[in-house]
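Student: Sequence and predicted structure, then a few things I'm wondering about:
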Amino acid sequence: MNEAIGTARQIGVGTSPKLKVRFAPAWLSFLPGIRDDYWVIELDEHYQLVAISEPKREYLWVLSRTPSITPAAYAELLGKLQRKGFDVRQLELTRQD
């Protein structure tokens, strides 16, 4: 299992979907290029599921506020992502214990 711990800050206006994320320790924050761009590309109406990608659309993550989600909610999110041109077959589910 892999784990990544990052710190994000929103870029732009309060409704902006753009984030700058740093995975390096805070003491390295002075280095240029230490933060990467990530965008919220889909958010369900109840703020329980979110899809995150980056400008080149090479990576895609689905995050949930809870360890389990309903199959219907997940299917709805996947449908929206497919309509946006993402290959959701590449997503890997993480086992939640």
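Tutor: Yep, that arrived.

Student: I figured Ala4 hits Val21, correct?
Tutor: No - using Cβ atoms under 8 Å, Ala4 is not in contact with Val21; the gap is 9.4 Å. Yep, even glycine has a C-beta here, placed from its N, CA and C like the rest.

Student: The two: who's more crowded?
Tutor: Between Ala4 and Val21, Val21 has the larger neighbour count (other Cβ atoms under 10 Å), namely 16 against 6.

Student: Show the model's pLDDT score for that one.
Tutor: On the pLDDT scale, Val21 is placed at 86.

Student: again with Met1
Tutor: Reading off the model, Met1 has pLDDT 54.

Student: for this structure, which spans come out with low pLDDT?
Tutor: Along the chain, the model assigns pLDDT under 70 to residues 1.

Student: top strand in it by residue count?
Tutor: Secondary structure of the chain per DSSP state E: the longest strand is strand 35-43.

Student: Just checking: what are the partner strands of that one?
Tutor: strand 18-22 (antiparallel), strand 49-53 (antiparallel) (DSSP bridges).

Student: tell me which residues of it are tucked away?
Tutor: Judged by neighbour count (16 or more other Cβ atoms under 10 Å), strand 35-43 contains these buried residues: 35, 38-39, 41-42.

Student: how near is the residue nearest the centre of the chain to Gln82?
Tutor: Central residue of the chain (Cα atoms, centre = their mean): Ile52, 2.5 Å from the mean position. Computed with Cβ to Cβ, to the nearest Å, the distance linking Ile52 and Gln82 is 16 Å.

Student: same thing with Glu3?
Tutor: For Glu3, the distance to Gln82 equals 28 Å [Cβ to Cβ].

Student: Many thanks, I have nothing further to ask.
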